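S.K.: Structure for the following, please:
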Amino acid sequence: MVDLSTSYLGLRLKNPLVASSSPLSQKVESALALERAGVSALVMYSLFEEQILRDSYKLDTDLSRGIESFPEALTYLPDYGQYSIGPETYLRNLRNLKDALAIPVIGSLNGVTDGGWVKYAQKIQDAGADALELNLYNVATDPEVTCADLEAEYLRLVSHVRKAISIPLAVKLSPFFTALPNFAKRLAECGVDGIVLFNRFYQPDFDLEALEVVPHLVLSNSNEMRLPLRWIAILYNKIPVDFALTSGIHTAEDLLKALMAGAKVGMATSAFLLHGVERAAQILSDLEAWMIEREYESVTQMIGSMSQQAVADPAMFERANYIRVLSSY
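M.R.: Residues are numbered from 1 along each chain as shown. Down below sits the predicted model:
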């Protein structure tokens, strides 16, 4: 009998397949279906910095409205029966998931600036989250902002979130860093427990009929995992954190590659949206069959076995791969 268990962020998980942040965590019913299908943990959908700030501003506006009016007014407070603050709904949904699920639930905050909204990291912890994933998702558009400025802002944010909570903290990154290994090293120095590679930027599209810029959702495919696969293999055993690979895990083979690169877990969403949550059970069944056929005893045995430090030709993760690909066509 093979041992599929792994550890991630100090959490002991029954297998390395985690449901990443997605709409599937918005309802208890779909979260329970993922648990029944076999996923070992669930990352909640993200609570965005903009949502917190927007709702705070709206509340302040409603509370301030009418303050110059006549004193006999009955009330100028908003009707809380019809006033739903997004962050509070998120915390309530988190508590509901914790009550319903036996697997760990990881909260998700998406933000880029340091500010008062960071207190919601503490609120997510208090609501029962087993860990927190901080999603650093930003599009730098100001030509006056340098990469050093941006990274310094990120590190301030991570440091303040780390100080606010005692539960494990993972940071989810985009691939767009000039010197990713150095930034990962500094994140580890801030006390993060894990790094999730990579965030997917959903690029806008043009509607040529309406002449408008429109959002455009494209689900991942297995080819997209090559970028995080490469970087996890490079960073494994160089940065003292747990790695999670996200983007592109659709099959057991994808999950195996993630583990061999050095990831403790593989995170999936598109596979479940495309094929149903039952896809998780198929991935795990195929994973176990592959391990039995090749006489692997545990998942731990294969983690990092094809990292840059472990393979015969480490240069294949660097420029040599580019040269060989071009010359092989």
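S.K.: Nearest residue to residue 23 in space, ignoring adjacent ones along the chain?
M.R.: Closest residue in space to residue 23, ignoring its immediate chain neighbours: residue 45 at 6.2 Å, by Cβ to Cβ, 6 or more residues apart in numbering. Backbone N, C-alpha and C define where each C-beta goes, glycine included.
S.K.: Please give me every residue in contact with that neighbour.
M.R.: By Cβ atoms under 8 Å, 6 or more residues apart in numbering, the contact list for residue 45 reads 21-23, 25-26, 108.
S.K.: filter the residues you listed to the buried ones?
M.R.: Among the contacts of residue 45, the ones that count as buried by 16 or more other Cβ atoms under 10 Å are 21-22, 25, 108.
S.K.: State whether the residue nearest to residue 23 is indeed within a strand.
M.R.: No - going by DSSP: H, G, I helix; E, B strand; the rest coil, the assignment for residue 45 is coil, not a strand.
S.K.: What's the separation between the residue most central in space within the chain and residue 154?
M.R.: Nearest residue to the geometric centre of the chain (Cα atoms, centre = their mean): residue 172, 5.0 Å. As judged by Cβ to Cβ, to the nearest Å, residue 172 and residue 154 stand 12 Å apart.
S.K.: Now do the strands in the chain.
M.R.: Secondary structure of the chain (DSSP state E): strands located at 6-8, 11-13, 17-19, 41-43, 47-48, 105-110, 131-135, 169-173, 194-197, 205-207, 212-214, 242-246, 265-268.
S.K.: Can you lay out the ones you listed as TSV showing mean pLDDT and distance to residue 301?
M.R.: Below are these laid out as TSV (pLDDT from 0 to 100; distance: least, Cβ to Cβ, whole Å):
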stretch	mean pLDDT	distance to residue 301
strand 6-8	98	11
strand 11-13	98	16
strand 17-19	98	17
strand 41-43	98	21
strand 47-48	92	37
strand 105-110	96	25
strand 131-135	97	25
strand 169-173	97	24
strand 194-197	98	21
strand 205-207	92	44
strand 212-214	93	47
strand 242-246	98	17
strand 265-268	98	16
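S.K.: how about TSV for these, with distance to residue 142 added?
M.R.: Output for the strands of the chain, formatted as TSV (distance: least, Cβ to Cβ, whole Å):
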stretch	distance to residue 142
strand 6-8	36
strand 11-13	38
strand 17-19	35
strand 41-43	30
strand 47-48	20
strand 105-110	20
strand 131-135	21
strand 169-173	20
strand 194-197	25
strand 205-207	23
strand 212-214	19
strand 242-246	28
strand 265-268	31
